[in-house]
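Chemist: what's the 3D shape of this:
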Amino acid sequence: MNFKRVSTAAMALAMTASLGSAALAADLPQGWTPADGARGPMLISTNPNAGSYDKTITINDEVLEGYEYEREVPGWGSETISVKLAEIPGAPAGYLPLRAVLQADGGSAYWDADSYTSSFYYEKDMIVADFHSMSVSVNDEKVEGAKALLLEGVTYVPFSVLEKLEGVTVTDNSTDAGESYAIATPNGTPLLKLASSILETANMGRGMKSTPAELEEFYGETLGFKAEYMTEGVVFLPMMTTPDTLVLGKMAQNSEEALKECFETYRKTQEDTFSWYLSQNLPKVENAKFVTEGDWFMFLIAENADEAVEVFQSTVKAMAE
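Modeler: Numbering: from 1, shown residues only. Coordinates of the predicted model:
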């Protein structure tokens, strides 16, 4: 399977299918088995580096300190678990905790108890760690010489695996004083950093990340949208259970009115849908925002739209200074 490119048909399928809840046992606390969450002995690889994880990791110049995930609690629903990197097991030189790294940059994890594998999704790529053979594959191709480690429920891989992902580089800055790895990703640009801040503020999932060209391919006829209306941009489209949408970027000259008309048409289609289907989402659609700041614009349907507008405006103003 090739996750490098998404066709129009694939985008349509993703937008009309609900997002399955991710099984979150790819990283579990000490003493919990990945198979069923029951307390008991953990099937793990021998840890050659006993102690706490002490490597320094930066992602787009920001230090990675920890991560969170949801864990199901039988009879009680779920709870949010916060994990600091210093709390997870130590690992051999060059090994990075995969979920922590990818999730910090918008990725996700899925545990398959039946096949005893962990799948990690990042942008349009997929990494699979097979704990029968301890092998690692990227987009269905095994990474030669790479072995996964499962230490007390945490999946580790050599940093070279991350460099198989499109647009990702890892710089080894380790010295005698300790290991240090600087990870650069496509999300390190001002545009994508702003998008991440807006998504977080708006309490919005990343949905289907697309380019303006892909948006035109899918919505050109129905909305009249053209990629040439934007000089750069990013799009996060919803799944069918939510209208949450973010379109962010810079406007081409004299394109503001055309963009405003396109996304008002889009808003009306969402309003027509959610007026009868999962109508608890309708207030979000009714409060949709189309705002500009200089040559930047944002179209947003989300829970905390007003707060996200403030983030958009303040960040764009700061970038112009």
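Chemist: which residues in this protein form helices?
Modeler: Along the chain, counting by DSSP state H, helices occupy 8-15, 98-103, 159-162, 190-201, 212-223, 256-274, 282-286, 305-320.
Chemist: tell me which of those helices is the most buried.
Modeler: helix 98-103 (a mean of 24; mean count of other Cβ atoms under 10 Å). Any C-beta I mention is one placed from the backbone N, CA and C, and that applies to glycine too.
Chemist: which stretches of the stretch 1-150 of the chain have low pLDDT?
Modeler: 1-50 (pLDDT under 70).
Chemist: can I get the helices of the chain in JSON lines with distance to residue 295?
Modeler: Formatted as JSON lines, the helices of the chain follow (distance: least, Cβ to Cβ, whole Å):
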{"stretch": "helix 8-15", "distance to residue 295": "27"}
{"stretch": "helix 98-103", "distance to residue 295": "32"}
{"stretch": "helix 159-162", "distance to residue 295": "34"}
{"stretch": "helix 190-201", "distance to residue 295": "12"}
{"stretch": "helix 212-223", "distance to residue 295": "15"}
{"stretch": "helix 256-274", "distance to residue 295": "9"}
{"stretch": "helix 282-286", "distance to residue 295": "27"}
{"stretch": "helix 305-320", "distance to residue 295": "9"}
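Chemist: of all those helices, which one comes closest to residue 55?
Modeler: helix 159-162 (9.5 Å; Cβ to Cβ).
Chemist: now do that closest one, average pLDDT.
Modeler: For helix 159-162, mean pLDDT is 98.
Chemist: could I have the CA atoms of that helix written out in PDB?
Modeler: The C-alpha coordinates for helix 159-162 follow below in PDB (Å, rounded to 0.1, in the frame of the first residue of the first chain):
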ATOM      1  CA  PHE A 159      16.000   7.200  14.300                       C
ATOM      2  CA  SER A 160      16.900   6.100  10.800                       C
ATOM      3  CA  VAL A 161      13.300   4.800  10.400                       C
ATOM      4  CA  LEU A 162      11.900   8.300  10.800                       C
END
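Chemist: can you list contacts of that helix?
Modeler: 94-96, 98, 101, 127, 136, 138, 143, 146, 168, 170, 172, 181, 183 (Cβ atoms under 8 Å, 6 or more residues apart in numbering).
Chemist: tell me the centre residue of the chain?
Modeler: residue 106 (2.1 Å; Cα atoms, centre = their mean).
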